[in-house]
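Q: I would like the atomic coordinates for the input below:
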Amino acid sequence: MMTKIRKVYMGVPVPSWPKAGFDINIDIQKLENILADIQLKSGLEVEFVGGDVVRISSDVEKLKEKIGDADGILAFNLSSGVGALFRGIVDFGVPTILFSQPYSGHDWSAVAGMVKKGKRVDVLATSDYNEILSRIRLIDVIRRLKETKIIYIRNGGVNTDYAARVKEKYGVEIISVDHNRLVDLYNSTDLKAAEEDAERWITNALKMVEPSRDEIIKSSRMYLAIKKLLEEESTSAITINCLGLFLQGALPAYPCLAFSRLNDEGLTGVCEADLDSTLTQLIVGYIAKKPGFVSDPVIDTATNTVIHAHCVAATRMDGPTNEPAPYIVRSHLEDDKGASLQVLMRVGQKVTVAKLVGLNTMLISTGEIIASPDVDRGCRTKITTKVPNARKVLDNWSGGVHRVIFYGDWVEDLTNLGKLLSYDVVFEG
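A: This is a model prediction of the structure:
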């Protein structure tokens, strides 16, 4: 799908800024050439449409009728005095970027207040037109979210009110699937294909500890079953109440290896039917083009560190086209059954830690991996991250246990995306 950005040029009929008698058509032609160049450089499936000139209030009404299926609006204030026009455009509810080049006017000054009121708007006040590309990428993320479905497998299905609110705010559809459908797909898997997938895990591992080859094959059958389910539902994301269903005997294998494989492939697999973490992994994953590592954090104030541990981890934390990290095949920690990975993540790597809670708050922090502990406690994959103040992290903790870790620093992008999706950013610690 193409990300569609509507261009809008604003200027009052008789400008005073940038100077008396200014002809806005001079800037419009310059900007048309700049945007054509940006479109070529973006590397995205993006299309700039429109090019509407808005000078009086009736032009705003005409634009509203033509806005159609635009994913975002890129508006330029080419003269002073267009504040009322811009507010009318923002009220369309379409994610809107104001590009305010120097000396174009003072309308940038109203945007912070709009954001505080929950309007889906951001502003670039800069002479560097290439900064437009950073916001186009965020609008592309919003478009991708609107095209995403999450398969949710848990007894009782998803809360329909919650699913409706997710759909309204983020565009993501959540569909409930009965676990028996997944079991049927598991039972119908091609055994030879499962054996080949299992052999990949075994051959590429540093070593195997607890699981037998048969256990790995069962995990590979679960991967093939989930992959088939994703294909049938034309989606790329799934979260399962894996602990509960496996302990009830309702699943023939843990999906830990399956989720690792999916995340390595650029898809999204999240354990424990955790929709907050699934949405977080989708949002940041679409920005970073990298998988997330959902963790159970352990805080150590004595060393100013947070240890993140879980039994599901991607090996390609740099993204699906990059080299995998080394790993050891282990059992699932809580019951010493099934198969999971102990991934040895990269020491020295800066990470972003995030979690969307309650749909309206994004918790964010950063850290650096200083160790990948090999300790027979806690979940199989573990990283120790150095943080500025572990005591503050502890004292300010909220939003449940899980956090999602991504390689790289994505704080600025997540903060700017929050303005366009109307969520608050809270910095933990």
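
Q: For residue 349, which non-adjacent residue is closest in space?
A: residue 369 (4.7 Å; C-beta to C-beta, 6 or more residues apart in numbering). Any C-beta I mention is one placed from the backbone N, CA and C, and that applies to glycine too.

Q: Assign that neighbour to helix, strand or coil.
A: What DSSP: H, G, I helix; E, B strand; the rest coil gives for residue 369 is strand.

Q: Make residue 1 into 552 and carry on from there
A: Sure, I'll start numbering at 552, so the last one becomes residue 920.

Q: Distance check, the nearest residue to residue 630 once chain neighbours are set aside against residue 632.
A: Excluding the flanking residues, the one nearest residue 630 by C-beta to C-beta, 6+ apart is residue 566, at 3.6 Å. Distance of residue 566 to residue 632, given as C-beta to C-beta, to the nearest Å: 7 Å.

Q: Settle it for me: which of those two has more neighbours?
A: residue 566 (21 against 18; other C-beta atoms under 10 Å).

Q: could you list every residue that touches that one?
A: 572-573, 575, 629-632 (C-beta atoms under 8 Å, 6 or more residues apart in numbering).

Q: In those residues, which residue is surrounded by the most others?
A: residue 629 (29 neighbours).

Q: contacting residues around that one?
A: 560-562, 566, 573, 575, 578-579, 655-656.

Q: residues making contact with the helix or strand encompassing residue 612?
A: If you go by DSSP states H and E, residue 612 is part of helix 608-617. By C-beta under 8 Å, 6+ apart, the residues outside helix 608-617 that reach it are 559, 601, 603-605, 635-636, 639-640, 643.

Q: got it, and stretch 810-817?
A: With C-beta under 8 Å, 6+ apart, stretch 810-817 has contacts from 748, 774, 777-778, 781, 787, 789, 819-822, 840, 842-843, 863-867, 870-871, 875, 891-892, 894.

Q: Could you list the buried residues of it?
A: Neighbour-count burial for stretch 810-817, with 16 or more other C-beta atoms under 10 Å as criterion, is recorded at 810-815, 817.

Q: Can you show me the CA trace of stretch 724-743 as CSV?
A: Output in CSV follows, covering the C-alpha atoms of stretch 724-743 (Å, rounded to 0.1, in the frame of the first residue of the first chain):
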residue,chain,number,x,y,z
GLU,A,724,-7.8,-4.7,14.4
ILE,A,725,-7.8,-7.4,17.1
ILE,A,726,-9.4,-10.7,16.2
SER,A,727,-10.0,-13.6,18.6
VAL,A,728,-9.2,-17.1,17.4
ASP,A,729,-10.0,-20.3,19.3
HIS,A,730,-6.9,-22.3,20.3
ASN,A,731,-8.5,-25.4,18.9
ARG,A,732,-8.1,-23.9,15.4
LEU,A,733,-4.3,-23.6,16.0
VAL,A,734,-4.2,-27.2,17.4
ASP,A,735,-5.9,-28.4,14.2
LEU,A,736,-3.3,-26.6,12.1
TYR,A,737,-0.6,-28.1,14.3
ASN,A,738,-1.9,-31.6,13.7
SER,A,739,-2.0,-31.1,10.0
THR,A,740,1.6,-29.7,9.6
ASP,A,741,4.0,-31.3,7.2
LEU,A,742,6.3,-33.4,9.4
LYS,A,743,9.2,-33.3,7.0
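
Q: Buried residues of it, list them for me.
A: 725, 728, 730, 733-734, 736-737, 740.

Q: tell me the contacts of the residue nearest to residue 651 when sequence neighbours are not counted?
A: Spatial nearest neighbour of residue 651, chain neighbours left out: residue 659 (4.1 Å); criterion: C-beta to C-beta, 6+ apart. Residues in contact with residue 659, defined by C-beta under 8 Å, 6+ apart, are 628, 649, 651, 674, 676.

Q: Helix or strand next in line after whichever strand or helix holds the fourth one, which one?
A: In the assignment (DSSP H and E), residue 674 maps to strand 672-676. Counting by DSSP H and E, the element after strand 672-676 in chain order, helix or strand, is helix 683-697.

Q: And the strands in the stretch 702-851 of the chain, which stretches?
A: Secondary structure of the stretch 702-851 of the chain (DSSP state E, counting those that start in this stretch): strands located at 724-727, 758-759, 788-791, 819-822, 844-851.

Q: Figure out which of those strands is closest to residue 881.
A: Checking the strands of the stretch 702-851 of the chain against residue 881 by C-beta to C-beta gives strand 758-759 as the closest, at 8.2 Å.

Q: next one: the closest one to chain centre, how far?
A: 32 Å (C-alpha atoms, centre = their mean, to the nearest Å).

Q: Check stretch 798-806 too.
A: 28 Å.

Q: Would you indicate which residues of it are buried?
A: 802, 804-806.

Q: what comes into contact with stretch 872-882?
A: 752-753, 755-762, 766-767, 815, 862, 864, 866-868, 888-897, 931.

Q: Also stretch 743-755?
A: 759, 764, 767-768, 770-772, 774-775, 808, 812, 875, 878, 880, 890.
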